[in-house]
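Asks: need a 3D model of the sequence below.
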Amino acid sequence: MIKSALRAAALAAAFSAIAFAAQAKNPIVGGAAMYANKNIVENAVNSKDHTTLVAAVKAAGLVSTLEGKGPFTVFAPTNEAFAALPEGTVDMLLKPENKGKLVKILTCHVVAADAMSKTVAKMIKDDGGEHDIKTVGGCVLKAKESMGKITLTDENGGVAHVTIADVKQSNGVIHVVDEVLLPKM
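Replies: Residues are numbered from 1 along each chain as shown. Okay, here's the model as predicted:
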């Protein structure tokens, strides 16, 4: 009986370890597991924290790009980040006549590389505390690190903090950010 109880406890511990490893491998973003074998769009549509970003990507016609081979690094603003923009901004950007502006803003959150946080942190250190990141949209973001956290400063001086780093995708990586990064317009 004791042997059976020990085997059951060992089995339960093994299943817990497997569940923990699966969770660690597939981080939770916006209440949904993010799977490394799915692309950026396939994962983002499941995050309840990124519904505005997904709607914007669709309105901008960027779905097929972000489903593509990549690699891409996406600094993904949350719904709260979009809500912090001046009232009416998101609605205005989602209108068809503003597609060009929307594309510019969204592509300023995308880098044509697979840049994990350790890589970014090393570039920041190698560059003396600040590293320029060139985006697909032609923006330059200033990356800095403080107390193990990465921040990105846009061309207008707005600062976004990486709140969840290294969410691996089949075609790159997502870093969740708490601000919308805006290009000079």
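
Asks: quick one: contacts of stretch 139-158?
Replies: Residues outside stretch 139-158 that contact it (CB atoms under 8 Å, 6 or more residues apart in numbering) are 75, 107-108, 117, 120-121, 123-125, 129-135, 159-162, 165, 175, 177, 179-184. Bear in mind the C-beta positions are built from the backbone N, C-alpha and C, glycine included.

Asks: could you check how far it is from the centre of its chain?
Replies: 14 Å (CA atoms, centre = their mean, to the nearest Å).

Asks: buried set for that stretch?
Replies: 139, 141-145, 150-155 (16 or more other CB atoms under 10 Å).

Asks: in JSON lines, list those along with pLDDT and secondary structure.
Replies: What follows is those, written out as JSON lines (pLDDT from 0 to 100; DSSP: H, G, I helix; E, B strand; the rest coil):
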{"residue": "139", "pLDDT": "96", "secondary structure": "coil"}
{"residue": "141", "pLDDT": "98", "secondary structure": "strand"}
{"residue": "142", "pLDDT": "98", "secondary structure": "strand"}
{"residue": "143", "pLDDT": "98", "secondary structure": "strand"}
{"residue": "144", "pLDDT": "98", "secondary structure": "strand"}
{"residue": "145", "pLDDT": "93", "secondary structure": "strand"}
{"residue": "150", "pLDDT": "97", "secondary structure": "strand"}
{"residue": "151", "pLDDT": "97", "secondary structure": "strand"}
{"residue": "152", "pLDDT": "98", "secondary structure": "strand"}
{"residue": "153", "pLDDT": "97", "secondary structure": "strand"}
{"residue": "154", "pLDDT": "97", "secondary structure": "coil"}
{"residue": "155", "pLDDT": "96", "secondary structure": "coil"}
